[in-house]
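[1] Need a 3D model of the sequence below.
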Amino acid sequence: MTRLKTRAEFLNVQKGVRRVTPSLTLEACAGPAEELRVGFTATRKLGNAVHRNRAKRRLRAAAAAVLPKSGRAGRDYVLVARPGTLDRPFASLVLDLAAAVEAAHVRLDASGGTS
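    From the prediction side, this is the model:
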């Protein structure tokens with residue numbers, strides 16, 4: 001798993017499939033072959049820097065638990081923090097991410113990976 005770092009990479013993933021859960025929003029699209037890439041973001045609407053950093057830490061931990069098993073090479077994923085990211089139990093956060101990844105794969109497979 002490598003990280004998305006540039007704004008252009010995040011904007012490219014934003015054009016793909018989006019799945020919203022109570023604790024996070026998952027954006028996914030086709031990426032470079034043979035590579036699974038992931039990025040994390042939290043907006044100021046979530047709160048101050050302490051809250052945003054905590055939310056991103058929780059998202060990174062959830063991604064480390066889910067994406068090695070459920071993620072696919074050749075896909076880019078961006079996890080966007082929502083207010084529920086801070087409050088939701090970690091087990092529920094992991095389940096939300098797993099469900100969002102599966103739903104995104106169904107949509108990406110149906111559209112040939114470009115939508």
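
[2] which residues of this structure fall in helices?
    7-14, 49-70, 83-87, 90-110 (DSSP state H).

[3] Could you save those as CSV and add columns showing distance to residue 40, mean pLDDT and mean neighbour count?
    C-beta: built from backbone N, CA, C; applies to glycine. As requested, these are arranged in CSV below (distance: least, Cβ to Cβ, whole Å; pLDDT from 0 to 100; neighbours: other Cβ atoms under 10 Å):
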stretch, distance to residue 40, mean pLDDT, mean neighbour count
helix 7-14, 10, 95, 14
helix 49-70, 5, 96, 16
helix 83-87, 10, 95, 17
helix 90-110, 12, 95, 17
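
[4] possible to save those as JSON lines with distance to residue 42?
    Listed next are the helices of the chain as JSON lines, based on distance: least, Cβ to Cβ, whole Å:
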{"stretch": "helix 7-14", "distance to residue 42": "13"}
{"stretch": "helix 49-70", "distance to residue 42": "4"}
{"stretch": "helix 83-87", "distance to residue 42": "8"}
{"stretch": "helix 90-110", "distance to residue 42": "14"}
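
[5] looking at those helices, which is closest to residue 33?
    Proximity of these to residue 33 was assessed by Cβ to Cβ; the nearest stretch is helix 90-110, lying at 14.1 Å.

[6] That closest one packs against which elements?
    Helix 90-110 makes packing contacts with strand 17-20, strand 24-30, helix 49-70, strand 75-81 when contacts are defined by 3 or more Cβ pairs under 8 Å, 6 or more residues apart in numbering; DSSP states H and E.
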